[in-house]
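In: Pasting the sequence and the predicted coordinates here, then a few questions.
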Amino acid sequence: MAARRMVTLDDVAREAGVSVSTASRTLNGTPSKVSATTQARVRDVAVRLGYATNLAAQAVALGRSQSVGLIVGSIPEDYQNPVTAGVFRAAADRDLLVSTAITSISDIERTTRAVRQLRGQRASVIVVVGTEAPDSDGVAELVDELGRAEHEGARVVMIGISGTPFDSVVVDDHKAGADMAAALHNIGYRQFAVIAGTGPGLLSQQRVDGFRDGLHRSGVDLSPDRIIWQDFNHDGGYRGAGELLRRHSVDAVFCVNDAMAIGACVRFREAGVNIGTDLAVAGCDDIPALRDIDPPLSTVHLPWIEAAEAAFSLAEHDRSEGRYVVLEGFPLLRSSTPGVPAPAAVEGPGA
């Protein structure tokens, strides 16, 4: 079967009775220069003929494409990455396509290549998601390459990485851990353990430090042997729970993300531990998968959707100036942490 000829902008213009430049402004460029009646006629014709904008040609003409470049360290296979989900949702609200590169910032060659590909696509916005410190391996090289992208007209925004020349949005992970510690202490728990995630970046360590500091302010010390380090995912939580069962008896366990908390709950249940009755378990992030957990899992709600929206708002500025947005979450206590009942009062003689 012969291939069907692609509908061109010339076809749309001819059918709508307008110039090619008018059709182009309506569909690809600056429709404000075209009357509303003409815009409606051109768009109706484009839909009827099945016209699709040539994005490559548009990028050349405008200098930028209607796309977003996303660089992220990982996209978990077991549960949705809440940051990535927020970026995709915010981009969709703006009718922008997302090109995603999965790479570790410390892998300098691969990360630099990803940025160059996004530069070649003329991405209008490049969002980098990570938890690295500004002096971590690969960050300086990444900043240099992203600087070239901004010089060419792209906007660069960081989510989770601060201290670079680019505008950034961060969530206060230290406060998230501290707030959960205070919340669990306030409902009666006193013997704690933490299942923490290994790997590059500051997120896990900041949540652990916050939890430990929050307990310390409540008069409880968390010894290092009660912090169990495992992979930053469901399987790591499962293994961490097994290790905890062999080493300690505690009242409450804080897992530094929800995927780890879910994995830990699986292992605890296999050992005959009733979550919420025998042991309290809490996570962090408030991912949608928690809706399917029984009992409902306590967590720290973190504003990942808001973080993505804030990143796109920063991208509306003409250039980066080191703007810095800090967002905070809050604990959500559910059935997995029902609290410790206060001891009943003992009445004295003659009461």
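Out: Good, I have the coordinates. Numbering: from 1, shown residues only.

In: Residue ranges of each domain in this structure, please.
Out: Domain segmentation of the chain under automatic domain parsing yields 9-53, 64-171+305-328, 173-302.

In: Nearest to residue 339, out of these?
Out: domain 173-302 (3.3 Å; C-beta to C-beta). (C-beta placed from N, C-alpha, C; glycine too.)

In: need the contact list for residue 181.
Out: Contacts for residue 181 (C-beta atoms under 8 Å, 6 or more residues apart in numbering) come out as 192, 210, 211, 212, 213, 214, 215, 218, 254.

In: Which strand or helix spans it?
Out: helix 173-186 (DSSP states H and E).

In: List the buried residues for that helix?
Out: Residues of helix 173-186 classed as buried: 173-185 (neighbour count, 16 or more other C-beta atoms under 10 Å).

In: just the domains of the chain: most buried one?
Out: With neighbours taken as mean count of other C-beta atoms under 10 Å, the domains of the chain reach their highest mean count in domain 173-302, at a mean of 20.

In: Not counting its neighbours along the chain, what's nearest residue 116?
Out: Closest residue to residue 116 apart from its sequence neighbours, by C-beta to C-beta, 6 or more residues apart in numbering: residue 145 at 6.9 Å.

In: and that neighbour, how far is that from residue 296?
Out: Distance, residue 145 to residue 296, using C-beta to C-beta, to the nearest Å: 44 Å.

In: repeat for residue 71
Out: According to C-beta to C-beta, residue 71 stands 34 Å off from residue 296.

In: what about the helices in the stretch 1-150 of the chain?
Out: 9-16, 20-28, 36-49, 55-62, 82-93, 108-120, 139-151 (DSSP state H, counting those that start in this stretch).

In: chain center to the fifth one, what's the gap?
Out: In terms of C-alpha atoms, centre = their mean, to the nearest Å, the centre of helix 82-93 is set 8 Å apart from its chain centre.

In: From here on, call the first residue 56.
Out: Done: numbering now begins at 56, and the last item shifts to helix 137-148.

In: what comes into contact with it?
Out: 123, 125, 127, 130, 152-153, 155, 182, 184, 214-215, 340-342, 357, 359-364, 366-367.

In: got it, and the last one?
Out: With contact meaning C-beta under 8 Å, 6+ apart, helix 194-206 is reached by 160, 163, 166-167, 170-171, 173-174, 178, 181, 183, 187-188, 211, 216, 219-221, 374-375.

In: all helices for the stretch 206-355 of the chain, in order.
Out: Counting by DSSP H, counting those that start in this stretch, the helices of the stretch 206-355 of the chain are 228-241, 258-272, 289-302, 313-325.

In: Export those helices to JSON lines and append columns for distance to residue 194.
Out: Shown next, in JSON lines, are those (distance: least, C-beta to C-beta, whole Å):
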{"stretch": "helix 228-241", "distance to residue 194": "18"}
{"stretch": "helix 258-272", "distance to residue 194": "15"}
{"stretch": "helix 289-302", "distance to residue 194": "25"}
{"stretch": "helix 313-325", "distance to residue 194": "25"}
